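S.K.: predicted model and sequence below, questions to follow.
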Amino acid sequence: MSRLMLGRTLERICKAVLLLCLVHFLIMMILYFDVYSQRFDIFSRFNNGRGANNSRGAHHYYYNFSSGRPNTTFASYLATADHLLPSTKPEANHTPPTPKPLPPCPEVPLGLVGRLLIEFSSQITLERVQRENPNVTEGGKYTPPDCRPKQKVAIIIPFRHRDNHLKYWLHYLHPVLRRQKIDYGIYIINQLGEDTFNRAKLLNVGYTEAIKDAEYNCFIFSDVDLIPMDDRNLYHCYDQPRHFAIAMDKFGFRLPYAGYFGGVSGLSKKQFLKINGFPNEYWGWGGEDDDIYNRITLNGMKVSRPDVRIGRYRMIKHERDKHNEPNPQRFSKIQNTKNTMRKDGISSLMYRVVSIKKYPLYTNISVEIGKPPPRPLKG
Ligand code: UD2
Ligand code: MN
């Protein structure tokens, strides 16, 4: 009797276990098909569900905040991240949704990667740079698709015979600026002829031509051979004139002297006009950056700088160019900024534009800026 009861109990237990297995199996199948059906669509679900502001979540592929230290990554590789952005094209079968106003861009952009690996040994072609930056439009312009930047930034580069450097600059900077969510345009100011080079005058020309092209309110002046090593060095304007390139490889990653303002700097329109722009009368190498520094301090402003770990730069190695010999007058001229800055500057700028060409990755403005006045004869 008790054996019979034991048998029945065992039978019931077995049935219950079988039933449980069946239920488990069914649940597993439901879950499996559900996940499978989402797999190929996972990014769009993720983006649509959260709206434009959070869609940058897709960029988490490239963050490394967990270690508290930035990632070391090839900027060129990161350039491909754009395909993860939400598509701005309306879907075929739906009426296009009324466009929502974009949110303001965050103070600290979310897609930054920190320290970058910069090298100048691989061959770069402009076609490749163009391919890797499909959202950059004619003239080298870009506007973030998913947020509203506060500033409109013109990046101005003084230039002559440095095509190879320009390729590297475009290759590294476009992806950085895009990650930084900057609304920008690139202007190469090309000095025509073989007279003495004049960096600061070219920068004044860049300012004047850029504001004719669009409503810029921030101007970043960069040498063509300087590449930032950290994308947290944000290329926009600050409360005070900004010096970006504070730790260069060529100076052992230190500021060479406290009043140094060379390499890469940025001024808002207001700051630039307050100092009457840059001097036009520094022909040849050197001194013009110190004159600009003097203008800033003499007008009651202070230079602002990034953290020394962030303001690191690599300069492409080069010889001194022909017709850009050191300016022997530079030492006496920088003693005199106070007397010269009101009459020599954006207010007295004269030049002739020969051509303006909008290329896919930059705008080239070729100009004649004259030549230095004849030196007084010795003796
Ligand atoms: C330093 C400063 C630079 C400027 C210069 C003195 C650094 C990294 N930079 O540069 O900002 O103050 O001294 O004038 O310390 N360029 C041409 N073609 C030429 C000559 C110059 O394109 O034939 C442009 C180019 O953008 C170049 C820039 O002018 O990067 C500065 O000239 P440089 O690179 O010869 O001078 P460098 O490196 O001593
Ligand atoms: Mn240089």
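M.R.: On my side now, so go ahead. Ligands and ions are numbered 1, 2, ... in the order given.
S.K.: next one, pLDDT for the closest residue in space to Ile356 that isn't next to it in sequence please.
M.R.: Spatially, and ignoring its direct neighbours in sequence, Ile356 is nearest to Ile365 (5.2 Å; Cβ to Cβ, 6 or more residues apart in numbering). Bear in mind the C-beta positions are built from the backbone N, C-alpha and C, glycine included. Predicted confidence (pLDDT) for Ile365: 99.
S.K.: who does the host helix or strand of Ile365 pair up with?
M.R.: In this assignment (DSSP states H and E), Ile365 forms part of strand 363-368. Counting by DSSP bridges, the strands paired with strand 363-368 are strand 183-191 (parallel), strand 352-358 (antiparallel).
S.K.: between the ones you listed, which one is closest to Asp291.
M.R.: strand 183-191 (18.3 Å; Cβ to Cβ).
S.K.: now that closest one: average pLDDT?
M.R.: Here the average pLDDT along strand 183-191 is 98.
S.K.: after that strand, next one along is what?
M.R.: Counting by DSSP H and E, what follows strand 183-191 is helix 199-213.
S.K.: just to revisit the earlier point, in the strand holding Ile365, what counts as buried?
M.R.: Across strand 363-368, burial judged by 16 or more other Cβ atoms under 10 Å covers Thr363, Asn364, Ile365, Ser366, Val367.
S.K.: touching ligand 1 at all, it?
M.R.: No: contact of strand 363-368 with ligand 1 is not found when judged by Cβ under 6 Å from any ligand atom; the minimum separation is 12.4 Å.
S.K.: got the angle between that strand and helix 199-213?
M.R.: 130 degrees (axes from the mean of the first three to the mean of the last three Cα atoms, to 10 degrees).
S.K.: export strand 363-368 to CSV, keeping only CA atoms.
M.R.: Provided in CSV are the C-alpha atoms of strand 363-368 (Å, rounded to 0.1, in the frame of the first residue of the first chain):
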residue,chain,number,x,y,z
THR,A,363,38.0,77.5,-48.0
ASN,A,364,41.2,78.8,-49.6
ILE,A,365,41.6,82.6,-49.8
SER,A,366,44.6,83.7,-51.8
VAL,A,367,45.7,87.2,-51.1
GLU,A,368,48.3,89.8,-51.9
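S.K.: packing partners for the host helix or strand of Gly266?
M.R.: In this assignment (DSSP H and E), Gly266 forms part of strand 264-268. Contacts defined by 3 or more Cβ pairs under 8 Å, 6 or more residues apart in numbering; DSSP states H and E place strand 264-268 against strand 218-222, strand 242-243.
S.K.: dump the ones you listed to CSV, plus mean neighbour count, mean pLDDT and distance to ligand 1.
M.R.: Output for those, formatted as CSV (neighbours: other Cβ atoms under 10 Å; pLDDT from 0 to 100; distance: least, Cβ to the nearest ligand atom, whole Å):
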stretch, mean neighbour count, mean pLDDT, distance to ligand 1
strand 218-222, 25, 98, 8
strand 242-243, 26, 98, 10
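S.K.: for Leu19, find the nearest of those.
M.R.: Using Cβ to Cβ, these put strand 218-222 closest to Leu19, at 70.1 Å.
S.K.: parallel or antiparallel, which strands does the closest one pair with?
M.R.: Strand 218-222 has its sheet partners listed here by DSSP bridges as strand 152-159 (parallel), strand 264-268 (antiparallel).
S.K.: in a markdown table: those strands, plus mean pLDDT.
M.R.: Converted to a markdown table, the strands paired with strand 218-222 look like this (pLDDT from 0 to 100):
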| stretch | mean pLDDT |
| --- | --- |
| strand 152-159 | 98 |
| strand 264-268 | 98 |
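S.K.: mind putting those strands into CSV with mean neighbour count and distance to ligand 1?
M.R.: Putting the strands paired with strand 218-222 into CSV (neighbours: other Cβ atoms under 10 Å; distance: least, Cβ to the nearest ligand atom, whole Å) gives the following:
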stretch, mean neighbour count, distance to ligand 1
strand 152-159, 24, 4
strand 264-268, 23, 8
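S.K.: can you give me the strands in the stretch 201-350 of the chain?
M.R.: 218-222, 226-228, 242-243, 247-248, 264-268, 312-315 (DSSP state E, counting those that start in this stretch).
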